[in-house]
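In: any chance you could fold what I've pasted below:
(one chain, ligands or ions: 2)
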Amino acid sequence: MNEAFLQASTIISTLEKDGHEAYIVGGSVRDHILNRDLGDIDIATSATPTQIQALFPKTIDVGAEHGTIIVVTDNDSYEVTTFRTEGSYSDNRRPDEVTFVKSLKEDLRRRDFTMNAIAMTKEGKILDPFCGTRDIEHKLIRTVGEASERFSEDALRMFRALRFSSQLSFSVHSKTLEAIQLDAHLMQHISVERKTVELEKLLIGQGMTQALSLLVESNLFLFLPLLADKKEELIKLSEFPLHTLTSREELWTTFVYMLKVEEVERFLTAWKLPKRLSKSVQEILHTIQQFQKQGWHQELVYRSGWNACLAAHHVLLLLELDKSNSYLDIKRLFEELPIYNLQDIAINGNDLVEWLEKKPGKWIAEVLQEIESELLQGNIENEAVVLKEWVRTWQQKLERNC
Ligand code: ATP
Ligand code: MG
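Out: Ligands and ions are numbered 1, 2, ... in the order given. Model prediction:
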């Protein structure tokens, strides 16, 4: 058995010895059956949160009222959740109350898809009352129970269906898909933050082409921030293997670029992305625009910096906007930069004050910026004597002009 499962097994043993049932459940069982890398391992148990806390030396209460306690082991931590059902849903997004129950089957019934409603004992035996294993074999995403009912409880499940279809390259069962088409509008009740998490996962899945088509065909895209008029662009975007990108910055840059977003900051704020991420995306976009005007050159590499250039390069390569692989060119340009910032200039403001016998003021920054520009264009060497001579000539020119 997988090392992480072995750790989880010791938690299950402790719970069983105290007279409770406990199983591995959810995504990790699904991924284990699929032979995929495992994400978090979740445990479901008949023990109550208080009983869980009493049994383990180190726990974190992350939502005891919903039944979830984190058990911390030597090298890891595991979410241990009491079997529960969810009460009525009046807002299409969260249950009005949760009720702890004694039966595993009841707990599995409240889960979103059959493939996510499978339990495994610590010995590796599969318990699968909703035939999730069969659906996994057929690569099918199907709700546990009647799809419309499940979507009216929590509308995000529709978007989850599509993101799983992207991550696993599964199809969405026809009944589940029909319900998504009918109920897409319920997505308006879902918070942007939850939508953003699912969108990011959807975009970088191996089966993204199909999932994005489903997003458009089902009209779900109409209920995502500022995407309502981007149908054609989303279809076009689906042709590119976004999973090859290496960061969120690159992903959102590609998204914004392909969607031809005009007000980038407003768009990213609507998706509730952190300001820092938004700033990086805008820098990378600017670098792309500059590259498209003039190709890679020293001043661009200097002004944008290595990270933005590399990210812009990845995006350009993915979108086939830079046919020659420019990585080595960018690297060489960067390595050959005479300076990396104003402080690298071989003279400073004090030198200027002394040489020109002028009072310090705004003029210092102006002269240094001019020197910076000369250095980047390769017109002068970054050596104190050379720069002193340049400053002298510059002053003479200035005096002649006056
Ligand atoms: P991932 O690999 O992305 O983490 P996952 O299946 O583990 O996939 P999580 O969001 O971590 O997904 O949720 C863990 C489990 O909780 C799911 O497998 C599913 O059984 C259940 N679950 C999560 N979100 C919902 C939901 N909105 N409605 C019903 N069940 C859900
Ligand atoms: Mg998970």
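
In: can stretch 88-97 be found next to ligand 1?
Out: No. Remark: stretch 88-97 sits outside contact range of ligand 1, by Cβ under 6 Å from any ligand atom, the gap being at least 8.9 Å. Heads up, the C-betas are built off the backbone N, CA and C, glycines and all.

In: report the buried residues of that stretch.
Out: Burial within stretch 88-97, assessed by neighbour count using 16 or more other Cβ atoms under 10 Å, is assigned to 89, 92-95.

In: ok, and which of those residues reach ligand 2?
Out: Applying Cβ under 5 Å from the ion to the buried residues of stretch 88-97, one finds that nothing falls near ligand 2.

In: nearest to ligand 2, of those?
Out: Ligand 2 lies nearest to residue 94 out of those, by Cβ to the ion, at 17.9 Å.

In: that closest one and residue 154 touch, don't they?
Out: Yes. Using Cβ atoms under 8 Å, residue 94 is in contact with residue 154, at 6.9 Å.

In: what's the closest of the buried residues of stretch 88-97 to residue 276?
Out: residue 93 (28.0 Å; Cβ to Cβ).

In: on the three-state scheme, the residue of the stretch 201-350 of the chain found nearest ligand 2 is what?
Out: At 10.6 Å from ligand 2, residue 201 is the closest residue in the stretch 201-350 of the chain, using Cβ to the ion. Following DSSP: H, G, I helix; E, B strand; the rest coil, residue 201 is assigned to helix.

In: check it and give its pLDDT.
Out: Note for residue 201: predicted pLDDT of 98.

In: likewise for residue 274?
Out: 98.

In: residue contacts, it?
Out: Residues near residue 274 by Cβ atoms under 8 Å, 6 or more residues apart in numbering: none.

In: next one: phi and psi at it?
Out: Torsion angles at residue 274 (phi, psi; degrees, to the nearest 10) stand at phi -60, psi 150.

In: tell me the domain boundaries of this structure?
Out: If you go by automatic domain parsing, the domain ranges for the chain are 1-132, 139-244, 247-335, 342-401.

In: I figured residue 150 was touching residue 143, is that so?
Out: Yes. Look at residue 150 against residue 143 with Cβ under 8 Å: they come within range, at 4.5 Å.

In: next, show the common contact partners of those two.
Out: 112, 157.

In: how near is residue 104 to residue 14?
Out: 18 Å (Cβ to Cβ, to the nearest Å).

In: so for the two, which sits in the more crowded spot?
Out: For residue 104 and residue 14, the more surrounded residue by other Cβ atoms under 10 Å is residue 104, and the numbers stand at 19 against 16.

In: mind listing the strands in this structure by residue range?
Out: Under the criterion DSSP state E, strands of the chain are mapped to 22-25, 42-45, 59-63, 68-72, 77-82, 84-86, 98-100, 119-120, 126-127, 140-141, 171-172.

In: low pLDDT regions in the protein?
Out: For the chain, applying pLDDT under 70 flags the ranges 1, 402.

In: longest single helix anywhere in it?
Out: Longest helix in the chain, counting residues (DSSP state H): helix 275-294.

In: how about the contacts made by the closest residue to ligand 1 within the chain?
Out: At 2.3 Å from ligand 1, residue 27 is the closest residue in the chain, using Cβ to the nearest ligand atom. Residue 27 sits next to 39-40, 42, 116 when contact means Cβ under 8 Å, 6+ apart.

In: buried sites along stretch 275-282?
Out: Neighbour-count burial for stretch 275-282, with 16+ other Cβ under 10 Å as criterion, is recorded at 277-278, 280-282.

In: and this structure, which residues reach ligand 2?
Out: 27, 39-40.

In: start to end distance for stretch 317-336?
Out: 23 Å (Cα to Cα, to the nearest Å).

In: wait, what's in contact with the closest residue in space to residue 310 that isn't next to it in sequence?
Out: Excluding the flanking residues, the one nearest residue 310 by Cβ to Cβ, 6 or more residues apart in numbering is residue 330, at 7.2 Å. Contact analysis of residue 330 by Cβ under 8 Å, 6+ apart lists 296, 301, 309-310, 313.

In: how about these in TSV, adding neighbour count and distance to ligand 1?
Out: Below are the contacts of residue 330 laid out as TSV (neighbours: other Cβ atoms under 10 Å; distance: Cβ to the nearest ligand atom, whole Å):
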residue	neighbour count	distance to ligand 1
296	21	38
301	23	38
309	25	32
310	20	28
313	23	29
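
In: among those residues, which pair sits farthest apart?
Out: Checking the contacts of residue 330 with Cβ to Cβ, the most distant pair is 296 and 310, at 11.6 Å.

In: closest to residue 55 out of the buried residues of stretch 88-97?
Out: Nearest member of those to residue 55, counting by Cβ to Cβ, is residue 95, at 26.5 Å.

In: so how far is residue 152 from residue 36?
Out: Counting by Cβ to Cβ, the gap from residue 36 to residue 152 is 31 Å.

In: and these two? which has more neighbours close in?
Out: residue 152 (16 against 13).

In: how close does the more buried one sit to residue 142?
Out: Residue 152 is 17 Å from residue 142, by Cβ to Cβ.

In: repeat for residue 340
Out: 56 Å.

In: also residue 377?
Out: 63 Å.

In: picking that back up, farthest pair within the buried residues of stretch 88-97?
Out: Going by Cβ to Cβ, the pair spanning the buried residues of stretch 88-97 furthest: 92 and 95, at 11.0 Å.

In: shared neighbours of the two, anything?
Out: With Cβ under 8 Å, 6+ apart, residue 92 and residue 95 have common neighbours residue 153.
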